[in-house]
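*Asks:* curious how this folds, go ahead:
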Amino acid sequence: MTQAAEDFRARARLVPKGHTYDDFTPGRVFSHHWGRTITESESTTFTTLTLHFNPHYYNAEYARAHGHPGLVVNPLLVFTTVFGLSVEDLSEGGGPFLGVNELSFHSPVYPGDTLTARSLVLDRRLSDSMKDFGIVTWHTEGFNQADERVIDFKRTNLVRLRRVS
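*Replies:* Numbers count the residues shown, from 1 in each chain. A predicted model of the protein is given here:
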């Protein structure tokens, strides 16, 4: 190992990421930053790799014949993208994912659309079985660049309680 690598490791410090249970008070809203533009190539690749054979996702002529301006982005790519936008604020601190409920797709997403997301803390309670965790439920909404809601869902995670030192 080089001197520079050893020096870097000596200077490195652990920086906690994410929020803890105590940060998630019902009614709090998180506007997730960045946003993400979905490209045609990633939509087609996602569709192919996940074996979705709906021609709306890979046949532009078929999609136009059914009232779309061109290809439609695979809705599961929309879901995973919006979900992913929320991770830094909601679940990056660790804790098992417990599920998604009430998933609704409201409008099609097209290649070139930029998605953003926000989440509302709906509920929280201490876990009965895991003393260092609470259970938090959020309502997450995804929007396109015109601020039209394209997706929403509720998701629940176990979330660590803040450690008192």
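*Asks:* CA only for contacts and neighbour counts going forward, please
*Replies:* Fine.
*Asks:* how far off centre is the lengthiest helix in the chain?
*Replies:* Looking across the chain with DSSP state H, the single longest helix is helix 75-90. Relative to its chain's centre, helix 75-90 lies at 2 Å (C-alpha atoms, centre = their mean, to the nearest Å).
*Asks:* then stretch 82-95?
*Replies:* Using C-alpha atoms, centre = their mean, the offset of stretch 82-95 from its chain centre is 6 Å.
*Asks:* and the strands in this structure?
*Replies:* Here the chain has its strands, by DSSP state E, at 29-37, 97-105, 114-126, 133-143, 149-160.
*Asks:* show the average pLDDT along the last one.
*Replies:* Averaging the model's pLDDT scores along strand 149-160 yields 97.
*Asks:* and that strand, how far out from the chain's middle?
*Replies:* That offset, for strand 149-160, works out to 8 Å (C-alpha atoms, centre = their mean).
*Asks:* just the first one next, same as before
*Replies:* Taking C-alpha atoms, centre = their mean, one finds the center of strand 29-37 at 9 Å from the center of the full chain.
*Asks:* neighbouring strands of that strand in the sheet, and parallel or not?
*Replies:* strand 114-126 (antiparallel) (DSSP bridges).
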